[in-house]
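> Fold the stuff below for me.
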Amino acid sequence: MNDKTKNRPSRLLLYLEGKLASDERYEVEQTLLRDPLAQTALDGLRESGLSGVELQNDLNDIRQGWHPRPKTTNIRWTAAAAVALLVFTAWAAWAYYHDQQPASLYAEYFAISAENEDYLAVRGEEETTVPGLSVALEAYQQQDYQQSLALFQSLREGHPFDGFILRYTAMAAMQMGDYYAAEQALEQCLAVDVPAMDRMAAQWYLALVYLRLDRQEEGQNLLQELAAAGNGMYGSQAQQLLRELAK
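Model (predicted):
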């Protein structure tokens, strides 16, 4: 769970108490408009009438288990605990959804993109004279990703400026769950002079890798560049993914 997720309850409390900066207040208000779980948590905080310290103490007690209290405070504490539990449940569901969203979107969009790349694999095999590339592509298409990755890594050493080879090295690594190897190949592709299509593909897959590694800001920056570039295959997918991330 990232730092923003950890601080969501306190941010809602600060919002209610009017202690957020204007940009942070705007961000919270936008979240409340599109996220019913966040609104439920805020309503629970508002209705509790408890201070931030009191509510945090009650949440800590719920986490640690029920502790006996003097009879004079049982009624008040029971009511406060019920409210706090509602807030905590809503916040937990909200936080879980937002934490899982990037990984889920990564899996969805990578599956679509990898399937759409098949025609590029065929085109690449017909147009290239690089020895060994057809074998690496065949291994990839047969879903032997471990062998494909090894072959593409070997080809990459001899052809460090070939955007097609770098892209498929990354894709094979992504299929294997080796996101750091994929990141390295894609960043290499963006650092050299490659055709525009190879560059856009590298930006797209690197944005997906960043999402999978929970580096949303870096991923969204790349997606915004692609979305601004036009309505090609990668630009359209970037626009759609940015809309999904904004939900």
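
> So for the helix or strand hosting A172, mean pLDDT?
Assessed by DSSP states H and E, A172 sits inside helix 163-176. The average pLDDT within helix 163-176 is 94.

> Any regions of the chain where pLDDT drops low?
Across the chain, the ranges flagged by pLDDT under 70 are 1-10, 34, 37, 48-101, 116-128, 231.

> List the contacts of the closest residue to L149 other than its chain neighbours.
Nearest residue to L149 in three dimensions, chain neighbours excluded: A172, at 3.9 Å (Cβ to Cβ, 6 or more residues apart in numbering). Quick note: C-beta positions are derived from backbone N, CA and C, even for glycine. Contacts for A172 (Cβ atoms under 8 Å, 6 or more residues apart in numbering) come out as 140, 145, 148-149, 152.

> Looking at these, which is nearest L32?
Y145 (42.7 Å; Cβ to Cβ).

> Isn't the closest one up against A170?
No. If you go by Cβ atoms under 8 Å, Y145 and A170 don't touch, sitting 11.8 Å apart.

> what kind of secondary structure is D23 in?
What DSSP: H, G, I helix; E, B strand; the rest coil gives for D23 is helix.

> and if you look at N221?
The three-state assignment at N221 reads helix, by three-state DSSP.

> residues near it, how many?
N221: 13 surrounding residues under other Cβ atoms under 10 Å.

> Look at Y145 and A170 and report which has more neighbours.
A170 (30 against 19).

> pretty sure the more buried one is touching W204, no?
No. Shown here, A170 and W204 do not form a contact pair, counting by Cβ under 8 Å, at 10.5 Å.

> what number of residues lie near A191?
Other residues within reach of A191, judged by other Cβ under 10 Å, total 12.

> Give me the nearest residue to R167, chain neighbours excluded.
According to Cβ to Cβ, 6+ apart, the nearest residue to R167 is A201 (5.3 Å).

> Compute the number of surrounding residues for the one you found.
Residues near A201, counting by other Cβ under 10 Å: 27.

> so how far is A150 from it?
22 Å (Cβ to Cβ, to the nearest Å).

> same thing with L208?
For L208, the distance to A150 (Cβ to Cβ) stands at 22 Å.

> can you count the residues close to P131?
Using other Cβ under 10 Å, P131 has 9 other residues around it.

> swap in Y205?
Residues near Y205, counting by other Cβ under 10 Å, number 28.

> what's the answer for the one 5 residues further on, then?
When counting by other Cβ under 10 Å, one arrives at 23 neighbours for Y210.

> For it, which non-adjacent residue is closest in space?
G219 (3.5 Å).

> Settle this for me: the one you found is touching Y205, isn't it.
No. G219 lies out of contact with Y205 (Cβ under 8 Å); the separation is 10.7 Å.

> Can you tell me the element E138 falls in?
Take DSSP H and E as the rule and E138 turns out to sit in helix 133-141.

> elements contacting that helix?
In terms of contacts (3 or more Cβ pairs under 8 Å, 6 or more residues apart in numbering; DSSP states H and E), helix 133-141 is packed against helix 118-127, helix 145-158, helix 163-176.

> how about stretch 227-241 as CSV, C-alpha atoms only?
Extracted C-alpha coordinates of stretch 227-241, given in CSV (Å, rounded to 0.1, in the frame of the first residue of the first chain):
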residue,chain,number,x,y,z
ALA,A,227,-2.6,10.4,-26.0
ALA,A,228,-1.5,13.9,-27.1
ALA,A,229,0.4,12.5,-30.1
GLY,A,230,-2.8,11.3,-31.9
ASN,A,231,-5.4,8.7,-32.4
GLY,A,232,-3.2,5.8,-33.6
MET,A,233,-3.4,2.4,-32.0
TYR,A,234,-1.3,3.3,-29.0
GLY,A,235,-2.7,6.8,-28.7
SER,A,236,-6.3,5.5,-28.6
GLN,A,237,-5.4,2.9,-26.0
ALA,A,238,-3.5,5.5,-23.9
GLN,A,239,-6.6,7.8,-24.0
GLN,A,240,-8.9,5.0,-22.9
LEU,A,241,-6.5,3.8,-20.1
